[in-house]
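Asker: the following block contains a protein sequence and its predicted model.
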Amino acid sequence: MKRVRQVSLWKMDSDLKLLSLIAAGMLTLATPVGAQTPSTVDAASHAASAASAVPMVDGEVRKVDRETGKLTLRHGPITNLDMPAMTMVFRVADLKLLDGLKEGDKVRFVADRVGGAFTVTAIESAR
Ligand SMILES: [Cu+2]
(Lines give C-alpha, C1' and ligand atoms only; values in the text may rest on other atoms or scores of the structure.)
Protein backbone atom coordinates (compact mmCIF):
# COMPACT_ATOMS: atom_id res chain seq x y z
CA MET A 1 0.00 0.00 0.00
CA LYS A 2 1.68 3.15 -1.25
CA ARG A 3 0.44 5.39 1.56
CA VAL A 4 2.29 3.38 4.21
CA ARG A 5 5.61 3.83 2.36
CA GLN A 6 5.07 7.56 2.14
CA VAL A 7 4.53 7.81 5.86
CA SER A 8 7.80 6.02 6.49
CA LEU A 9 9.74 8.39 4.25
CA TRP A 10 8.09 11.51 5.56
CA LYS A 11 9.07 10.38 9.00
CA MET A 12 12.71 10.81 7.98
CA ASP A 13 12.19 14.49 7.35
CA SER A 14 11.25 16.58 10.33
CA ASP A 15 10.10 19.39 8.04
CA LEU A 16 7.37 17.08 6.78
CA LYS A 17 6.29 15.86 10.19
CA LEU A 18 2.91 17.50 9.77
CA LEU A 19 2.28 15.63 6.52
CA SER A 20 3.20 12.45 8.32
CA LEU A 21 0.61 13.15 10.96
CA ILE A 22 -2.00 13.80 8.28
CA ALA A 23 -1.11 10.53 6.57
CA ALA A 24 -1.29 8.70 9.90
CA GLY A 25 -4.78 10.12 10.26
CA MET A 26 -5.69 8.69 6.87
CA LEU A 27 -4.46 5.27 8.00
CA THR A 28 -6.71 5.59 11.02
CA LEU A 29 -9.68 6.31 8.76
CA ALA A 30 -8.80 3.28 6.62
CA THR A 31 -9.01 0.93 9.62
CA PRO A 32 -11.97 -1.47 9.32
CA VAL A 33 -14.94 -0.73 11.55
CA GLY A 34 -14.74 -2.70 14.79
CA ALA A 35 -10.96 -2.65 15.00
CA GLN A 36 -9.28 -0.79 17.82
CA THR A 37 -8.32 2.74 16.90
CA PRO A 38 -4.61 2.45 16.14
CA SER A 39 -2.32 4.62 18.20
CA THR A 40 0.41 6.68 16.57
CA VAL A 41 2.85 4.05 17.82
CA ASP A 42 1.08 1.44 15.68
CA ALA A 43 1.33 3.66 12.64
CA ALA A 44 5.02 4.28 13.27
CA SER A 45 5.92 0.62 13.59
CA HIS A 46 3.97 -0.08 10.42
CA ALA A 47 6.01 2.56 8.67
CA ALA A 48 9.30 1.24 10.02
CA SER A 49 8.68 -2.24 8.63
CA ALA A 50 7.71 -0.79 5.25
CA ALA A 51 10.83 1.39 5.04
CA SER A 52 13.15 -1.56 4.49
CA ALA A 53 11.02 -2.60 1.50
CA VAL A 54 11.80 0.58 -0.47
CA PRO A 55 14.64 -0.33 -2.83
CA MET A 56 17.79 1.65 -3.63
CA VAL A 57 17.95 2.60 -7.30
CA ASP A 58 21.08 2.97 -9.42
CA GLY A 59 21.54 6.35 -11.03
CA GLU A 60 23.95 8.91 -12.40
CA VAL A 61 23.93 12.60 -11.56
CA ARG A 62 23.20 14.79 -14.60
CA LYS A 63 22.68 18.11 -12.85
CA VAL A 64 22.67 19.51 -9.30
CA ASP A 65 20.69 22.67 -8.58
CA ARG A 66 21.32 23.74 -5.00
CA GLU A 67 19.27 26.94 -5.42
CA THR A 68 16.02 25.12 -6.09
CA GLY A 69 16.81 21.81 -4.40
CA LYS A 70 16.45 19.93 -7.66
CA LEU A 71 18.50 16.98 -8.80
CA THR A 72 18.53 15.61 -12.33
CA LEU A 73 19.28 11.88 -12.40
CA ARG A 74 19.57 9.27 -15.08
CA HIS A 75 18.08 6.31 -13.26
CA GLY A 76 17.28 2.65 -13.57
CA PRO A 77 13.77 1.28 -13.00
CA ILE A 78 12.14 2.50 -9.77
CA THR A 79 9.86 -0.35 -8.78
CA ASN A 80 8.15 1.43 -5.88
CA LEU A 81 7.07 4.20 -8.30
CA ASP A 82 6.33 1.87 -11.23
CA MET A 83 8.79 3.96 -13.24
CA PRO A 84 11.03 2.72 -16.04
CA ALA A 85 14.62 3.86 -16.55
CA MET A 86 14.89 7.48 -17.69
CA THR A 87 16.50 10.84 -17.04
CA MET A 88 14.39 13.20 -14.97
CA VAL A 89 14.38 15.95 -12.35
CA PHE A 90 13.73 15.08 -8.70
CA ARG A 91 13.16 17.25 -5.68
CA VAL A 92 15.31 16.40 -2.70
CA ALA A 93 13.78 15.86 0.74
CA ASP A 94 16.70 17.73 2.32
CA LEU A 95 19.24 20.06 0.70
CA LYS A 96 21.96 18.20 2.64
CA LEU A 97 21.40 15.28 0.27
CA LEU A 98 23.04 17.37 -2.46
CA ASP A 99 26.27 17.81 -0.47
CA GLY A 100 29.25 16.52 -2.41
CA LEU A 101 27.22 15.53 -5.47
CA LYS A 102 28.39 16.59 -8.90
CA GLU A 103 27.59 15.86 -12.51
CA GLY A 104 28.72 12.41 -13.58
CA ASP A 105 28.64 10.84 -10.09
CA LYS A 106 27.35 7.29 -9.95
CA VAL A 107 24.84 7.03 -7.12
CA ARG A 108 22.34 4.78 -5.40
CA PHE A 109 19.22 6.50 -4.17
CA VAL A 110 15.71 6.08 -2.79
CA ALA A 111 12.86 7.98 -4.43
CA ASP A 112 9.23 8.35 -3.47
CA ARG A 113 6.29 10.58 -4.21
CA VAL A 114 6.11 13.23 -1.47
CA GLY A 115 3.25 15.71 -1.66
CA GLY A 116 2.74 14.71 -5.31
CA ALA A 117 6.35 15.39 -6.34
CA PHE A 118 8.98 12.79 -7.12
CA THR A 119 11.48 13.23 -4.34
CA VAL A 120 14.88 11.75 -3.50
CA THR A 121 14.74 10.81 0.17
CA ALA A 122 18.17 9.17 0.44
CA ILE A 123 21.25 9.06 -1.78
CA GLU A 124 24.77 7.68 -1.56
CA SER A 125 27.67 7.40 -3.99
CA ALA A 126 28.02 4.04 -5.73
CA ARG A 127 31.41 2.41 -6.29
CU1 LIG B 1 12.00 8.72 -13.68
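Answerer: Looks like it arrived, so ask away.

Asker: show me where this protein has strands.
Answerer: Counting by DSSP state E, the segments of the chain that form strands are 57-65, 70-75, 86-92, 106-114, 117-125.

Asker: let's have these in JSON lines, adding mean neighbour count.
Answerer: C-beta: built from backbone N, CA, C; applies to glycine. Output for these, formatted as JSON lines (neighbours: other CB atoms under 10 Å):
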{"stretch": "strand 57-65", "mean neighbour count": "18"}
{"stretch": "strand 70-75", "mean neighbour count": "20"}
{"stretch": "strand 86-92", "mean neighbour count": "16"}
{"stretch": "strand 106-114", "mean neighbour count": "19"}
{"stretch": "strand 117-125", "mean neighbour count": "18"}
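
Asker: among those strands, which comes closest to the ion?
Answerer: The closest approach between the ion and any of the strands of the chain, judged by CB to the ion, belongs to strand 86-92 at 3.9 Å.

Asker: re earlier: mind putting the strands of the chain into TSV with distance to the ion?
Answerer: As requested, those are exported to TSV (distance: least, CB to the ion, whole Å):
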stretch	distance to the ion
strand 57-65	9
strand 70-75	6
strand 86-92	4
strand 106-114	8
strand 117-125	7
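
Asker: okay, those strands in a markdown table with mean pLDDT next?
Answerer: Rendered in a markdown table, the data for those read as follows (pLDDT from 0 to 100):
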| stretch | mean pLDDT |
| --- | --- |
| strand 57-65 | 98 |
| strand 70-75 | 98 |
| strand 86-92 | 98 |
| strand 106-114 | 97 |
| strand 117-125 | 97 |
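
Asker: now those in JSON lines, with distance to residue 100?
Answerer: Formatted as JSON lines, the strands of the chain follow (distance: least, CB to CB, whole Å):
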{"stretch": "strand 57-65", "distance to residue 100": "10"}
{"stretch": "strand 70-75", "distance to residue 100": "12"}
{"stretch": "strand 86-92", "distance to residue 100": "13"}
{"stretch": "strand 106-114", "distance to residue 100": "10"}
{"stretch": "strand 117-125", "distance to residue 100": "8"}
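
Asker: how's the chain carved up into domains?
Answerer: Per automatic domain parsing, the structural domains of the chain span 2-51, 57-125.
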